[in-house]
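Q: Turn this into a structure:
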Amino acid sequence: MLLGGRAPPGGLGCVLRHAHALFVHRSERRLRAGETLLGGEAKPWPSPFAQGIDEVLACRGRQVCVLASGDPFFYGVGSVLAAHVPPEETLAVPARFRYAGRKWSYDGLSCPLAGRHQLINAACALALLEAAAEPTLPVSEAAVREGLRRVRWGGRLETVDSRPRIVLDGAHNPDAASVVAAYVADLRRERPGSRVILVVGIMRDKDRQGFLDRLLPHVDDVITTQVRHPRAATAHELGASLHARGVPAHVVPDPADAIARARGMAASDDLILITGSLMLVGEAKAILLGCGLSPLRG
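A: Numbers count the residues shown, from 1 in each chain. Predicted coordinates for the structure are as follows:
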């Protein structure tokens, strides 16, 4: 994360060379690596995060780089910065990765999509593009970099609100639930005091037990709901499945009421996760963003 100006081109190394100071959390290796590139002073950021904010704010008006793992704005260091520094004074510089294909080889690529699995998806997309580009579809390196940098994927670990943070994901099978669970586990390591409230609605023909097996170990409260579709399991059916497992649940059939209940239960630094069906994600997004919902239903 960068405070005080635009990032210069050339990635993190160039950012560090132009920075007045570097603050690093929980990584002596990163601190040493940063010192070799930094034009200014490298400093450790103490735990808890809030104890280090005054020293960072003292550098306001100059370019400061903060290195930390995890979500850049809603958890950990990022949440502390967001509470003290307006968004126009900050810039998230995403992590970089390398792609090596049959002929293409690119260093310093960035992908803004949440979740470690999205780097695999990005590599698959690049491999397909690389194959299609020969010889009839010329694709420049600049186009590859810009396309990845600007990519958006609605309904896949999509953050639609903050404080409390609300994340939408269309996962509806056990494998997809495992990916979401890994994402939630990463966030919980960054912010162990935060709670996770699950709002779930699943189609009746899906493997709800396998889905819940993956997610339940990572959540604190569960709200069951249902979409307006004949294949949807009812909120009461989902609640009964959870009750049989010894897991208490709030049964709220209407998605708008379920989201309102979750908001009422959440503190500002908690996470509300809405998942189980792409149709639930569509309804939730329409509710949260105040937009219309297509009458076409799958």
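
Q: For residue 175, the count of nearby residues, please.
A: 11 (other Cβ atoms under 10 Å). The C-beta positions use only the backbone N, C-alpha and C, and glycine is treated the same way.

Q: Of all the residues in the strand or helix carrying residue 120, which ones are buried?
A: Residue 120 is part of helix 117-132 when elements are defined by DSSP states H and E. With burial defined by 16 or more other Cβ atoms under 10 Å, the residues of helix 117-132 counted as buried are 117-118, 122-123, 125-126, 129-130.

Q: so which of those residues comes closest to residue 64?
A: Ranked by distance to residue 64 (Cβ to Cβ), the buried residues of helix 117-132 are led by residue 118 at 27.9 Å.

Q: circling back to that earlier point, now flag whichever of the buried residues of helix 117-132 is closest to residue 223.
A: Distances from residue 223 to the buried residues of helix 117-132, taken by Cβ to Cβ, are shortest for residue 117, at 25.6 Å.

Q: just to revisit the earlier point, elements contacting the helix holding residue 120?
A: strand 96-100, helix 141-150 (3 or more Cβ pairs under 8 Å, 6 or more residues apart in numbering; DSSP states H and E).

Q: Let's see that with 6 Å instead.
A: strand 96-100 (3 or more Cβ pairs under 6 Å, 6 or more residues apart in numbering; DSSP states H and E).

Q: now what about the strand it packs on, what contacts it?
A: Applying Cβ atoms under 6 Å, 6 or more residues apart in numbering, the contact partners of strand 96-100 are 11, 106-110, 119, 123, 126.

Q: could you dump those to CSV with distance to residue 53?
A: As requested, the contacts of strand 96-100 are exported to CSV (distance: Cβ to Cβ, whole Å):
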residue, distance to residue 53
11, 26
106, 36
107, 34
108, 30
109, 32
110, 27
119, 31
123, 37
126, 39
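
Q: re the thing from before, how far off helix 141-150 does the helix holding residue 120 point, in degrees?
A: For helix 117-132 against helix 141-150, the angle between stretch directions is 150 degrees (axes from the mean of the first three to the mean of the last three Cα atoms, to 10 degrees).

Q: can I get the CA coordinates of helix 117-132 in CSV?
A: The C-alpha trace of helix 117-132 is given here as CSV (Å, rounded to 0.1, in the frame of the first residue of the first chain):
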residue,chain,number,x,y,z
HIS,A,117,-6.9,-19.5,-6.8
GLN,A,118,-7.4,-16.5,-9.1
LEU,A,119,-3.6,-16.6,-10.0
ILE,A,120,-4.3,-20.1,-11.4
ASN,A,121,-7.3,-18.9,-13.3
ALA,A,122,-5.2,-16.0,-14.7
ALA,A,123,-2.5,-18.4,-15.8
CYS,A,124,-5.1,-20.6,-17.6
ALA,A,125,-6.5,-17.5,-19.3
LEU,A,126,-3.0,-16.5,-20.5
ALA,A,127,-2.3,-20.0,-21.8
LEU,A,128,-5.5,-20.0,-23.8
LEU,A,129,-4.8,-16.5,-25.1
GLU,A,130,-1.2,-17.5,-26.0
ALA,A,131,-2.5,-20.5,-28.0
ALA,A,132,-5.1,-18.5,-29.8
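
Q: Nearest to the middle of this protein, which residue? Look it up for me.
A: residue 114 (3.8 Å; Cα atoms, centre = their mean).

Q: show me what contacts that one?
A: Residue 114 neighbours (Cβ under 6 Å, 6+ apart): residue 157.

Q: separation between it and residue 179?
A: 10 Å (Cβ to Cβ, to the nearest Å).

Q: same question, residue 64
A: For residue 64, the distance to residue 179 - Cβ to Cβ - is 34 Å.
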